Structures are given as structure tokens and as C-alpha cells.
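Asker: below is the sequence, then the predicted model.
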Amino acid sequence: MSKIKLDGRTGLPEALQVLLQEYPRDGWQAHDQFHGLISFWLERHIMFRQVMTKMLDMTLQSRQGDIEQNLYASQLSRYARFFVEQLHGHHHIEDEHYFPALTKLDPRLHRGFTILDADHHELDGQLHHFTEAANRVLKPAISGDVMSEAGELLDVLHRFETFLDRHLVDEEELIVPIILKYGADDLI
């Protein structure tokens, strides 16, 4: 089971990559089904990665004293709130709508969606740790001593980035090939 958990795997099991072999990543954009739902969905994943990178960069700048602490706290608050809200909403839509619908399109991959759903629960824990660490940074912003808490936040963000990227890659490599094969008509 440790290979399946988000923090212990390097990819989805080979049996769940059957459609990825038929529709490899480097051919996705050239496929007729790519534009529309797939490109929109992948753009959301890119956005999550970009916001994570922005928060990491800002936090590193704070630790190095390269950004004014009140500005850092203000930006962190804005980006963190957006990130948490958007990621929760994204996962909710996937769990409640897309995963069940995609499972119907190709029942062989049901186990993959069970894994991705479990990832969402693990990522909820990561979001909780992130929120707590960000709040500890924001509390001292009132007194002007953000730097000491930003180091812990930087560690939390690095761990979270690793978990999030593993999940997003696995999700992309399971879902995109299904939509390329079967289309998006039953999903919208």
C-alpha cells in the first residue's frame, strides 16, 4: 500500500497507465479532444503550480530580508487564501462530478480514481499544515517579526509542493488520456 500513498509513490501503478501508453503526454496538444475541457483543466493545474512557486519565492525573499515584511504578509495572505479556496473547490468538483463520470467511461481505471480521491484527503492534511504555518507568519506581521516563522513556512511549502506535483502529474496522466479516448461530452 505504501506505493499507492501520495508520499510514497513515484507514479501510478503500471496497470493504471494503459491509456497513457496509448496517448502519451507529448501528443496531447495535437489531439482533437485537447482543446476545451482538457486545456482548461490543465491550465488550472498550471495555476496551482504558479501560485505555489510565487508563495515559495516570496517566503524565501522574506527569509533573506529581500522583501518588506508587511508587504510579504499582505501578499502571502492574498495568495494563500486564493490557493486554499481554489484547491478545495477544484478537488470537490473532481471528487463529486468528474471522477465518478470518468470511472463510467473506463471502469478499468476505477482504482486510479480511488487513489486520486485518497490523495485529496492527504492534500487536505497538507493544506491544514500550510494554513497553520501561514497563520503563524501572519500573526507576527503585526509586531513586525515575520522572518522567524517564515522558515517553518518555507519547509511546509517545499513538502507541500512535492506532494501536490506528484498528485497533479498522476491525475493528468490518468484523466487526460481518458478524455482523449472517449471525449468530454459525458462530462460537461
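Answerer: Now that the structure is in, tell me what you want to look at. Residues are numbered from 1 along each chain as shown.
Asker: I figured Gly36 was touching Ala184, is that so?
Answerer: Yes - using Cβ atoms under 8 Å, Gly36 is in contact with Ala184, at 6.1 Å. Every residue, glycine included, has its C-beta placed from N, CA and C.
Asker: the two - which one has more neighbours?
Answerer: Ala184 (17 against 13; other Cβ atoms under 10 Å).
Asker: pull the contacting residues for the more buried one.
Answerer: Contacts for Ala184 (Cβ atoms under 8 Å, 6 or more residues apart in numbering) come out as 33, 36-38.
Asker: again, 6 Å this time
Answerer: Leu37 (Cβ atoms under 6 Å, 6 or more residues apart in numbering).
Asker: and it, how far from Leu42?
Answerer: 13 Å (Cβ to Cβ, to the nearest Å).
Asker: can you check Asn70 too?
Answerer: From Asn70 across to Leu42, the span is 35 Å (Cβ to Cβ).
Asker: these two: who's more crowded?
Answerer: The neighbour count for Asn70 versus Leu42, taken as other Cβ under 10 Å, is higher for Leu42 (17 against 12).
Asker: element containing the residue nearest to the more buried one when sequence neighbours are not counted?
Answerer: Excluding its sequence neighbours, the residue lying closest to Leu42 (Cβ to Cβ, 6 or more residues apart in numbering) is Glu172, at 6.7 Å. Assessed by DSSP states H and E, Glu172 sits inside helix 147-182.
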